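# Predicted model and sequence follow; I will ask about them next.
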Amino acid sequence: MNVLNLFNALPGAAAQGLIWGIMAIGVYITYRILDFADLTVDGSLCTGGAVCIMMMISGQNVFVSMLAATAAGMVTGLATGLFHTFMGIPPILSGILTQLSLYSVNLKIMGKANQSINVDKYGLLVSLRYIKGVPFYKNPIFVVAVSIVLLVVVLYWFFGTELGCSLRATGCNANMSRAQGINTNFSKVLALMISNGLVGLSGAFLSQYQGFSDVNMGRGAIVIGLAAVIIGEAVFGKVFHNFGFKLIGVALGSIIYYLVLQIVIWLGADPDYLKMFSALVVAFFLAIPEWKKRFFSGASVKKGGKSHA
Amino acid sequence: MLEIRNVTKVFNPGTVNEKLALDHFSLTLEDGDFVTVIGGNGAGKSTMMNAIAGVWPVDEGQILIDQVDVTRLAEHRRARFLGRVFQDPMTGTAGTMGIEENLALAKRRGARRFLGAGITRKEREEYRELLKILDLGLEERMTTKVELLSGGQRQAVTLLMATLQKPKLLLLDEHTAALDPKTAAKVLETTDYIVNKDKLTTLMITHNMKDAITHGNRLIMLMDGKIILDIRGEEKKKLTVEDLLHKFEAASGEEFANDKAILG
């Protein structure tokens, strides 16, 4: 176990964490704001990556390609939204249906299971080749961090608008929202589109970074997203109260997730177990509110009262 | 103002749980009427409210608000005519949002929501003045999340929200039932104040006969999805709980069996 190996791996882990952080912000919008566990992301991440890579291979500009990837992600959110609102299918099932159909769609977009892109031939925005030995503004950590800050600024503004407020109200209390004249079905579809647009964008970054898009690249993405949301809240929840900082906290949570993962790998854990490990960690954190209620109700009420006072 | 024509609603049709909740129900409210509604459990009080609000479609009949047929209008589209306060204090407000944000949501009831500011500085001042009416000190806590307020405070805020955009019809569905007696009295007092100030047409369900008698200018009693008593004007003013019980027995042929409603 060479500490230098770990050290060398950390910047890459941070860059990956940031890229997945964009997806985690998308997950935050559905899971926390809309209160909708959206499994579409497992498919839409790859959709974003596939659209971006295929467009770049066909000679499109990188920014146009990434915009298209975002739009494609939004369409997948629209599909899930319509499954849920127009067809009355429960949230989780709606996401699963879209996710499954996206497997075929993604294969059709790429023409095969895997499409790679050569960093020397195409003008990629981020690549793992740029982690070291390039000016700082080409470093993926810098590029993605700036993108996240820009996205958070836009999202912060949006959720303060009338439309944004109606989305938040819908997620918090749908009955009240309808009583106040909010079309909750529209809100849900819109939130799902915004969320999956971010996931698609994240996929576009990720496929450039790793130099390929793969039909399996989104498998388990929702779990990573939830892990980032939960870690971000656990670590920064007491510090960040402002909505914008909460989103930043989610992105940082994603970095922590990847750093921990890197350390676990460095410690010699079998990578085959990683997904199971991630799932169990998420399961544990999701259980905390329930366990608090069941085993520590007296103590947690006191604590809550103090911290909210 | 409000016209309910022959509305019928059956829950769980074709099953053992089939329930005729509204049975060719008709009711007409004049402009400025304040009608109190009483009745036992399952009499159809809340069903009537939900039919007006459009929570689900009715099986038969028509509902008109201010001569507009709203029978087929979705719940959120009808909202521009209606102010609603619910029995459960949690239902009427968005707990994770601030007091002022909740008011701002209500301010935009019936308006198109786009990318304008969710709340403006001018509105904040307006809401501060409005919250003073409640006399609960909430004007000093405008950014406090509503989930941190007590049930009574939440109901008071919901009441403000329901009347912020003057509604054609105010629907109060046992809005004091979940509160302690003192808070309930305070919320009722505020209700009276706002209804009188804005001359609102109001429909108030209550489980408390005394409240039903002392408030409003008309009282209706429901049973099995129908109106069995309709008392208004001078007769209503002179009404006592005992009269009401006699009338109930005469109308229904059974004894009124709800201590809470009589004693409360």
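Ah, there it is. Computed from a predicted model, the values in this text were never measured in an experiment.

# Thought residue A:229 was touching residue A:282, still the case?
No. Applying Cβ atoms under 8 Å, one finds residue A:282 not in contact with residue A:229, separated by 9.4 Å. Just so you know, the C-beta spots here come from the backbone N, C-alpha and C atoms, and that holds for glycine as well.

# what's near enough to touch residue A:124?
With contacts taken as Cβ atoms under 8 Å, 6 or more residues apart in numbering or on different chains, residue A:124 has the following neighbours: A:56, A:62, A:117, A:208.

# Most neighbours of all those, which one?
residue A:208 (29 neighbours; other Cβ atoms under 10 Å in any protein chain shown).

# how near is the nearest residue to it once chain neighbours are set aside to residue A:258?
With sequence-adjacent residues excluded and distances taken as Cβ to Cβ, 6 or more residues apart in numbering or on different chains, residue A:208 is closest to residue A:124, at 4.6 Å. Applying Cβ to Cβ, to the nearest Å, the value for residue A:124 to residue A:258 is 20 Å.

# Pick out the residue nearest the middle of chain B.
In chain B, the centroid-proximal residue (Cα atoms, centre = their mean) is residue B:172; its distance is 1.4 Å.

# Find the helix or strand that that residue is a member of.
Residue B:172 is located in strand B:169-173, with elements delineated by DSSP states H and E.

# Just the C-alphas of whichever helix or strand comes after that strand, formatted as CSV.
Moving toward the C-terminus from strand B:169-173, the first helix or strand encountered (DSSP H and E) is helix B:181-198. Below are the C-alpha coordinates for helix B:181-198, written out as CSV (Å, rounded to 0.1, in the frame of the first residue of the first chain):
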residue,chain,number,x,y,z
PRO,B,181,-60.6,25.4,23.0
LYS,B,182,-58.8,28.7,23.6
THR,B,183,-57.0,28.6,20.3
ALA,B,184,-60.1,27.5,18.5
ALA,B,185,-62.0,30.5,19.9
LYS,B,186,-59.2,32.9,18.8
VAL,B,187,-59.2,31.4,15.2
LEU,B,188,-63.0,31.7,15.1
GLU,B,189,-62.8,35.3,16.2
THR,B,190,-60.3,36.0,13.4
THR,B,191,-62.6,34.2,11.0
ASP,B,192,-65.5,36.4,11.9
TYR,B,193,-63.3,39.5,11.6
ILE,B,194,-62.0,38.6,8.1
VAL,B,195,-65.4,37.4,6.8
ASN,B,196,-67.1,40.6,8.0
LYS,B,197,-64.3,42.9,6.8
ASP,B,198,-64.3,41.5,3.2
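
# which strands and helices sit next to the very next helix or strand once past helix B:181-198?
Tracing the chain past helix B:181-198, the next element assigned as helix or strand by DSSP H and E is strand B:202-205. Contact here means 3 or more Cβ pairs under 8 Å, 6 or more residues apart in numbering or on different chains; DSSP states H and E; on that basis strand B:202-205 packs against strand B:34-39, helix B:45-53, strand B:169-173.

# Just the mean pLDDT for strand B:202-205, thanks.
Confidence over strand B:202-205 (mean pLDDT, whole number) is 95.

# in its sheet, what does it sit against?
strand B:34-39 (parallel), strand B:169-173 (parallel) (DSSP bridges).

# where does the chain have low pLDDT?
Using chain A. A:1, A:298-309 (pLDDT under 70).

# you looked at the wrong chain, it should be chain B
In the predicted model, chain B carries pLDDT under 70 at residues B:255-264.

# How about the residues of it by chain A?
B:53, B:74-77, B:79-80, B:82, B:84, B:86, B:90-97, B:101, B:104-106, B:108-111, B:113-119, B:148, B:161 (Cβ under 8 Å from any Cβ of the partner chain).

# Report the separation between the residue nearest to the centre of chain B and chain A.
In this structure, residue B:172 and chain A are separated by 12 Å, where distance is defined by Cβ to the nearest Cβ, to the nearest Å.

# can you map out the helices along the stretch 1-150 of chain B?
Listed from the start of the chain, the stretch 1-150 of chain B has helices (DSSP state H, counting those that start in this stretch) covering B:45-53, B:75-78, B:99-107, B:121-134.

# from those helices, which stretch is densest packed?
Compared across the helices of the stretch 1-150 of chain B, helix B:99-107 shows the largest average neighbour count, a mean of 25 (mean count of other Cβ atoms under 10 Å in any protein chain shown).

# No further questions, thank you.
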